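**Q** Provide a 3D model corresponding to the input given below.
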Amino acid sequence: MMTDYWDQFSILFGTGELFVKSKSFPLGQCTTDILNMDEAVLNEVDRRVQAFLLTVAALLREKTNSAACSAQEKLNAVWDLIFKMPVYRELPMDLETSYRLLPLMFSDQSKWNEVQDIHSEGHAMLERLLNGLEYFPESIRNFRGQVAGILELYLEPLKRRSIDSYAAAYARYFSDMSAAGGLFNMPEFEQSFPTQIKFVPKVHPAEDGKVVLAEKAEFSYLSHFLYTDFYRGLMVGNTPRRCHNCERYFLLTEGYNTCYCNNLAPGETERTCRKVGAHRKEAKGRASATPAQKEYTRAYNRLKSRKNRGKISGDDWNDAVAKAQELKEQAERGKLSDTELRRRLETL
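**A** Numbering: from 1, shown residues only. Next up is the predicted model:
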């Protein structure tokens, strides 16, 4: 099995899903997991990277094995966080090289000499490592901020959830961003990310013996993969959504339109957010109902009870409910007072 590195890893994409090692994930799930990650993790990565950069400067200045080991210790503290993050924790990372990188480099005289030559590829590789680590937390923050904005401003107001409605919402977002760029004389807005693509056969990890054609994409930045995961998810009708109860993100898959996740609700031992949310929505609806709506509900329940007991026929039930709806609408237009509405409903 090919091993991955933090700045060079491969993901296999199937139809509506992606494969990481021996697991299958629906498109959009990795994005959802990153959105739910605590900001404190990125803050700590920031802190550890800065501490590592100081030791690299000491290594280049002192040029000793002790300095290399000291810098590696600080780098390992960074890896300890990054390799436990979503996506990385599923990849077959080359941990042995990652956790011994600097001592290995220092012990090989030719490689160490190359690192010190500012015109060499070895030096350029070290610079890419340092710059990539320094920018890494900010790249994830930028991704999270951009996607959260798309979800809140363009997708959350949607009345219907479908591939077509997501495409229309993204078109509005793209148009707004392009217009803003022109207004402030910024470069043309685009969402493009460099990657290498191969097409390979893949035995499906969850369906015994089934072989699928997969698209193997190689990425150099986690954020580039995450954008790809998010947009490909939209293309098949999947998108993260913030739960209206616990406010954590969950993956809303194609064909569904719910605003509550199915995780255990805060403060509950058994009920999920979906169950808690349904009860709260019903209670909120009762609390905000107009007098006309309340009178109609009483009449409806009374008529339904009579129908269930066989006191009125199905046709009479339908006629009475239609009349009750008409009276409610008249009251809401101001043509009937609440008292008159109540009197007429009682005659049904």
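
**Q** quick one: low-confidence ranges for the chain?
**A** 1-2, 182-185, 278-288 (pLDDT under 70).

**Q** quick one, helices of it?
**A** Ranges of helices in the chain, per DSSP state H, are 29-35, 39-62, 65-82, 95-98, 101-107, 109-116, 121-150, 163-183, 222-235, 273-287, 291-308, 314-332, 338-346.

**Q** what helices or strands is the third one leaning on?
**A** For helix 65-82, the elements it packs on are helix 39-62, helix 101-107, judged by 3 or more Cβ pairs under 8 Å, 6 or more residues apart in numbering; DSSP states H and E. For every residue, glycine as well, the C-beta is placed using N, CA and C.

**Q** give the contact list for the closest residue to residue 346 other than its chain neighbours.
**A** Distance criterion Cβ to Cβ, 6 or more residues apart in numbering; nearest residue to residue 346, sequence neighbours excluded, is residue 299 at 7.7 Å. Residue 299 sits next to 324, 345, 346, 348 when contact means Cβ atoms under 8 Å, 6 or more residues apart in numbering.

**Q** For residue 224, state which of those is nearest.
**A** Nearest to residue 224 among these, counting by Cβ to Cβ, is residue 324 at 58.2 Å.

**Q** got the contact list for the closest one?
**A** 296, 299, 300, 303, 345, 348.

**Q** could you redo the last one with a cut-off of 10 Å?
**A** With contact set as Cβ atoms under 10 Å, 6 or more residues apart in numbering, residue 324 has these partners: 295, 296, 297, 298, 299, 300, 302, 303, 341, 344, 345, 348.

**Q** Show the contacting residues for the closest residue to the second one other than its chain neighbours.
**A** Ranked by Cβ to Cβ, 6+ apart and with sequence neighbours excluded, the top spatial neighbour of residue 296 is residue 328, at 4.1 Å. Counting by Cβ under 10 Å, 6+ apart, residue 328 touches 290, 292, 293, 294, 295, 296, 297, 299, 300, 336, 341, 345.

**Q** Run a quick neighbour tally on the third one.
**A** The reference is to residue 293. 15 (other Cβ atoms under 10 Å).

**Q** For residue 198, see how far away residue 168 is.
**A** 33 Å (Cβ to Cβ, to the nearest Å).

**Q** swap that for residue 192, sorry
**A** As judged by Cβ to Cβ, residue 192 and residue 198 stand 19 Å apart.

**Q** for residue 80, same thing?
**A** Residue 80 sits 31 Å away from residue 198, taking Cβ to Cβ as the criterion.

**Q** and stretch 96-110, how far from the chain's centre?
**A** 36 Å (Cα atoms, centre = their mean, to the nearest Å).

**Q** Kindly apply the preceding question to stretch 135-152 instead.
**A** 10 Å.

**Q** which parts of it are buried?
**A** 136, 137, 139, 140, 143, 144, 146, 147, 150, 151 (16 or more other Cβ atoms under 10 Å).

**Q** likewise stretch 41-51?
**A** 42, 44, 45, 46, 48, 49.

**Q** cool, stretch 196-215 as well?
**A** Those would be 202, 212, 214, 215, for stretch 196-215 by 16+ other Cβ under 10 Å.

**Q** Residues in a beta bridge with the first one, which ones?
**A** Put plainly, it is residue 202. Residue 202 has these beta-bridge partners by DSSP bridges: residue 212.

**Q** one step back: tabulate the helices and strands packed on helix 65-82 (JSON lines), appending distance to residue 225.
**A** As requested, the helices and strands packed on helix 65-82 are exported to JSON lines (distance: least, Cβ to Cβ, whole Å):
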{"stretch": "helix 39-62", "distance to residue 225": "17"}
{"stretch": "helix 101-107", "distance to residue 225": "22"}
